[in-house]
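Predicted coordinates and the sequence they were generated for:
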Amino acid sequence: MNTQKKLLILFLFIVTIQWMVPAKMIYDQESIRFSGTAFKFKIKPIDPVDPFRGNYIVLSFDENTISKDGTENWVGGEKIYVSFTTDSANFAQISGYSRVPFTDTKNFVEAKVEPFWNKEKLTIKYPFSRFYLDEARAIQAENDGFFTLGDTTKTSYAMVYLKNGRASITDVVVNGVSVLE
Amino acid sequence: MSKLKIDLSELVQSGIISAEKADQIKTLYQSKSGHSANRLFVVFGLLGAILIGLGIILLIAHNWDQLSKITKTIFTFLPLLVGQVLCGYTLLKASENITWRESSSVFTFFAVGASISLISQIYHIPGELSNYLLTWMLLVLPLTYVMRSSFSSLLYIAGITYYAVEVGYFDYPVKMPSLYWFLLLAILPQVYLIYEKKPLGNFIAFHHWFIPISLGIVLGTVNDQASHLMMLNYMGLFGLFYLFGYQLPGKSLNGYRIIGSLGTIILLLVLSFDDFWGILHVKGFSINETVYTREFLFFLMIFFLYTGIGFFKFKSEKKHHLTAWIFPVFILIFFSGFIFPKAHIFVNIIILFMGIWIIYRGDKENHLGTLNFGLLIIAALVTCRFFDNNIPFYIRGLMFLFVGAGFFMANYRMIKRAKAVEQKIDSLS
């Protein structure tokens, strides 16, 4: 086999991998959305920009702390599995946490422990903290004070699908209005 | 070219050169201008590919709401497909054309970044910037080899450096980007191939800047518990650059040599103040805080590499360079700093000695640049001491006067000598 043929075979191999990685990313997300369970997470958002990937809202969640025994030791950045159920108003509520994946439910997510720890409390960093927006819409929304969450009578939440430790976020609703509308 | 033709015909008419010689000269210049035209094609091809690639990334970052998920997904793969088709065409039909090779691979380089970025956007995958950069660089690494693209290799080095900076300085929790060292090792064979093909080419000259800058930035991420050892590591790294830069062919200065010597001098100037040494002395030497640390492990690696290259160099070359000796001497000064609180005095002596040595060399080799570089080192040292409150005003004043006068005297002497040589040549002719 001559060098050009070898190079071409290698090139086709590279092309396949370059297609497989993004395709796998799509497959993973679609699979969570298709067969995962949807949860509504109460939020308080703000609005920064990423140099490569455009405007997004950073979401911080109301349900992001866990009370624990003072003798338990966790360090900032450590992996934690958190399981969920729904409260009376149908919002996501933490039902348990563990160092290993849950086997009795698929409604859990792999997250990280935040650095601001407290002996009796853990703060959780979820892997669905970003929601990307159209640039024009992001600027308009910011100017309109869309993200101020002034209206306390209406709720703001993120719609998240969970499936065996993985999560996929599909919508963010602020003061009762979807950011996608 | 037309000006050359007129000049040549004038020379032929006046009988200074023969028509045959004129033809030879014309062919030589024609082939030379052909080379530069080729080079221009490469530069414009690359610029085009970079601008289009970055343009696509920015267009994607706008995050078009009007488009459906399916359309967005198609757009995700479209630039990638275009880039890959261009690369495939290059491999089949134009594998020896540098412009095609470089432009198509640089375009694909950006297209890969754009495609994973767009998917993160469509599905709101948060992920750290570092993970995104890592995936991107791993996907383009083999492309630089297959396409034999020098510019993609430069972009790759920039990309892995950005990745290391994110992991080592900005992410939480901050970690040492161990993967960076493997990613860098992975591109070295490609760098060697570029070097082997054209040891004095522009592309390899750029690599001689990109690699030391990248290493200089990332070495800081090694810093953990024994921060004081980082001074030693940086001094070693600059020494290594200097030694390695001298091994490279070509008379002009290369990135390694410039970064090596400037880095050494700047670090020495920083350490000529007493602050660092005071802290080092108070800290004292402890096996646990010095030897059993990852900083010390890096020190050992740098030291062995340095000794290896140094041995090879001194075996092959008799000429000794002072800068190459700074690191071994500095090791002694550094460890003496644990016992002796005023080790900065030694550092000051080294800088002064270096300055004088370089002035002496400039004078001996009759090189105005080297001479003034030496004077500049001494001027920088004196300027640092200007801020030292421990030295009385009158001594500081005298120091400045002395260096200022030195500048005048040395330059005057050399210019006078150069004029004398010129006169001598004139009188001979």
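That came in fine, so what should we check first? Numbers count the residues shown, from 1 in each chain, chains lettered A, B, ... in the order given.

ranges for the helices of chain A?
Remark: helices assigned in chain A by DSSP state H are A:3-35, A:135-143.

Quickly, which of these bottoms out on average pLDDT?
Of all the helices of chain A, helix A:135-143 carries the lowest average pLDDT, namely a mean of 72.

Go ahead and measure how far it is from the middle of the chain.
The chain centre lies 22 Å from the centre of helix A:135-143; the measure is C-alpha atoms, centre = their mean, to the nearest Å.

Could you confirm whether that helix reaches chain B?
Yes - for helix A:135-143 and chain B, the contact criterion (C-beta under 8 Å from any C-beta of the partner chain) is met by A:135-137. Any C-beta I mention is one placed from the backbone N, CA and C, and that applies to glycine too.

which among those end up buried?
Buried members of these, scored by 16 or more other C-beta atoms under 10 Å in any protein chain shown, are A:135, A:137.

What about residue B:155, how many residues nearby?
By other C-beta atoms under 10 Å in any protein chain shown, 21 other residues sit near residue B:155.

To clarify, my last question referred to residue B:54.
Using other C-beta under 10 Å, residue B:54 has 13 neighbouring residues.

returning to that earlier point: in a markdown table, list the residues of helix A:135-143 next to chain B along with distance to residue A:58.
Formatted as a markdown table, the residues of helix A:135-143 next to chain B follow (distance: C-beta to C-beta, whole Å):
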| residue | distance to residue A:58 |
| --- | --- |
| A:135 | 16 |
| A:136 | 19 |
| A:137 | 16 |
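
which one of the residues of helix A:135-143 next to chain B sits closest to chain B?
The nearest member of the residues of helix A:135-143 next to chain B to chain B, counting by C-beta to the nearest C-beta, is residue A:135 at 4.5 Å.

Low-confidence stretches in the stretch 151-300 of chain B?
B:251 (pLDDT under 70).

Specify the local secondary structure of the closest residue to chain A within it.
Proximity of the stretch 151-300 of chain B to chain A (C-beta to the nearest C-beta) peaks at residue B:173, 3.8 Å away. When classified by DSSP: H, G, I helix; E, B strand; the rest coil, residue B:173 comes out as coil.

how about it, what does it touch?
A:76-77, A:115 (C-beta atoms under 8 Å, 6 or more residues apart in numbering or on different chains).

Which ones, among those, also lie beside chain B?
Answer for these near chain B (C-beta under 8 Å from any C-beta): A:76-77, A:115.

nearest to chain B, of the residues you listed?
Scanning those for proximity to chain B, where the rule is C-beta to the nearest C-beta, the winner is residue A:77, at 3.8 Å.

what number of residues lie near that closest one?
15.

Just want the most central residue of chain A.
Centroid-nearest residue in chain A, with C-alpha atoms, centre = their mean: residue A:128, separated by 1.0 Å.

That one and residue B:126: what is the separation?
Between residue A:128 and residue B:126 the computed distance is 6 Å (C-beta to C-beta, to the nearest Å).

Could you chop chain A up by domain?
As given by automatic domain parsing, the domain ranges for chain A are A:1-35, A:36-178.

Which of the ones you listed has the lowest mean pLDDT?
Sorting those by mean pLDDT places domain A:36-178 lowest, at a mean of 82.

quick one, helices of the stretch 201-350 of chain B?
For the stretch 201-350 of chain B, applying DSSP state H, counting those that start in this stretch gives helices covering B:202-219, B:229-247, B:255-270, B:275-283, B:287-290, B:294-316, B:322-336, B:344-364.

tell me the most buried of these?
Highest mean neighbour count among these (mean count of other C-beta atoms under 10 Å in any protein chain shown): helix B:229-247, with a mean of 22.

Next, the angle from that helix to helix B:275-283.
With axes from the mean of the first three to the mean of the last three C-alpha atoms, to 10 degrees applied, the angle from helix B:229-247 to helix B:275-283 works out at 130 degrees.

If you count contacts, what does helix B:229-247 end up packed against?
Counting contacts by 3 or more C-beta pairs under 8 Å, 6 or more residues apart in numbering or on different chains; DSSP states H and E, helix B:229-247 packs against helix B:202-219, helix B:255-270, helix B:294-316, helix B:322-336.
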